[in-house]
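Asker: Next come a sequence and a model predicted from it.
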Amino acid sequence: MLVEVNRKNYKKIIKNTRKYIHEKNIKYMFSDDLEEEIKENIKNIETAINLKKIEERYNFIYDTICSYLDNQYINNNLCGFDENNVCEYYRKIDKNHYNGCCYRSDRSLCNYFDEKQKKCIEKCISCKLYSCPYLRNRGINYKINEFPLIKYFFNIRQKLVIKYSFFKPKLYVMHQLMEKR
C-alpha cells in the first residue's frame, strides 16, 4: 500500500496509524515541502508498521525513542552539565551533587550509571522522559503521547509501564510491555 504524505495530510496520517498497522508492506511517499523531522517520524512509523513480530516492533520503538531523547539531551546539553558533571539544577541547590537525576529515592546512584564514562549504560526510557524542575521551568517536559510511536502503538497500561519504570533495564520493561498487551 502506498500512502502519499504532504503538509496537508501529515496529521491525518499520523492519527490513522492504528488503521495501517494491519496493512502489509505499507510505503510512504513524501512531497518535497516536508521538513526532515516529519519525514523521520513517518519513516519510523513505516518501519514499526512493517515489523510484524510484536517483540521486534516494541524493541524498535523503544530504541528509537531512547536514541531520540539521548540526542536531544546530549547534543543540546539540556541539563547544562559543567566540567565537574554537575547539572544546572543542582548547581543552585547542592554543588556536590554529581550526575544529575541518576539517584534513587534511597540516595544511591543508579546501578546502570557508569562513573568512568559519566553516562548511563542502560536504555531506560522512563529516566530519559523525566524532566526535573529546572527543565520544566525552561519548557522542556516530554510527554508520552507527543511521540506517535508510543501514542499509537501502545495501550494505556503499556504507557504506564513506559512512564514509571525508572532505573529498570530494557529487558524488564520489554517483558512488562509484552505482558500488558
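Answerer: That came in fine, so what should we check first?
Asker: I'd like to know which helix or strand in the chain has the lowest mean pLDDT.
Answerer: Here the helix or strand of the chain ranked lowest by mean pLDDT, DSSP states H and E is helix 17-20, holding a mean of 76.
Asker: who's in contact with that helix?
Answerer: Contacts of helix 17-20 with the rest of the structure, by CB atoms under 8 Å, 6 or more residues apart in numbering, involve 1, 3, 26, 45, 49, 148, 152, 153. (Glycine included, C-beta is placed from N, CA and C.)
Asker: what about the closest residue in space to residue 92 that isn't next to it in sequence, how many neighbours?
Answerer: The spatially closest residue to residue 92, leaving aside those adjacent along the chain, is residue 134, at 7.9 Å (CB to CB, 6 or more residues apart in numbering). Residues near residue 134, counting by other CB atoms under 10 Å, number 19.
Asker: Output the below-cut-off pLDDT ranges for this structure.
Answerer: The model of the chain has pLDDT under 70 over residues 22, 24.
Asker: how does it look with 90?
Answerer: By pLDDT under 90, the weakly predicted segments of the chain are 1-39, 41-42, 46, 49-50, 52, 74, 77, 80-109, 113-121.
Asker: most centrally placed residue in it?
Answerer: residue 65 (3.0 Å; CA atoms, centre = their mean).
Asker: buried set for the helix or strand containing that one?
Answerer: For residue 65, the host element (DSSP states H and E) is helix 54-75. When neighbours are counted by 16 or more other CB atoms under 10 Å, the buried residues of helix 54-75 are found to be 57, 58, 60, 61, 62, 64, 65, 66, 68, 69, 73.
Asker: could you dump these to CSV with distance to residue 35?
Answerer: Output for the buried residues of helix 54-75, formatted as CSV (distance: CB to CB, whole Å):
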residue, distance to residue 35
57, 25
58, 27
60, 22
61, 22
62, 25
64, 18
65, 19
66, 22
68, 15
69, 19
73, 21
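Asker: between these, which is nearest residue 163?
Answerer: Within the buried residues of helix 54-75, proximity to residue 163 (CB to CB) peaks at residue 65, which comes in at 12.0 Å.
Asker: what residues are up against the closest one?
Answerer: Residue 65 neighbours (CB under 8 Å, 6+ apart): 125, 128, 147, 149, 150.
Asker: three-state assignment of the residue nearest to residue 151 when sequence neighbours are not counted?
Answerer: Excluding the flanking residues, the one nearest residue 151 by CB to CB, 6+ apart is residue 145, at 4.5 Å. Recorded secondary structure, residue 145: helix (DSSP: H, G, I helix; E, B strand; the rest coil).
Asker: what's the neighbour count on residue 145?
Answerer: 10.
Asker: From residue 97, how far out is it?
Answerer: Residue 145 sits 31 Å away from residue 97, going by CB to CB, to the nearest Å.
Asker: ok, the spatially closest residue to residue 47 that is not a sequence neighbour to residue 73 distance?
Answerer: Nearest non-adjacent residue to residue 47, counting by CB to CB, 6+ apart: residue 60, 6.3 Å away. The spacing between residue 60 and residue 73, counted by CB to CB, is 21 Å.
Asker: That's all I had, so thanks and see you.
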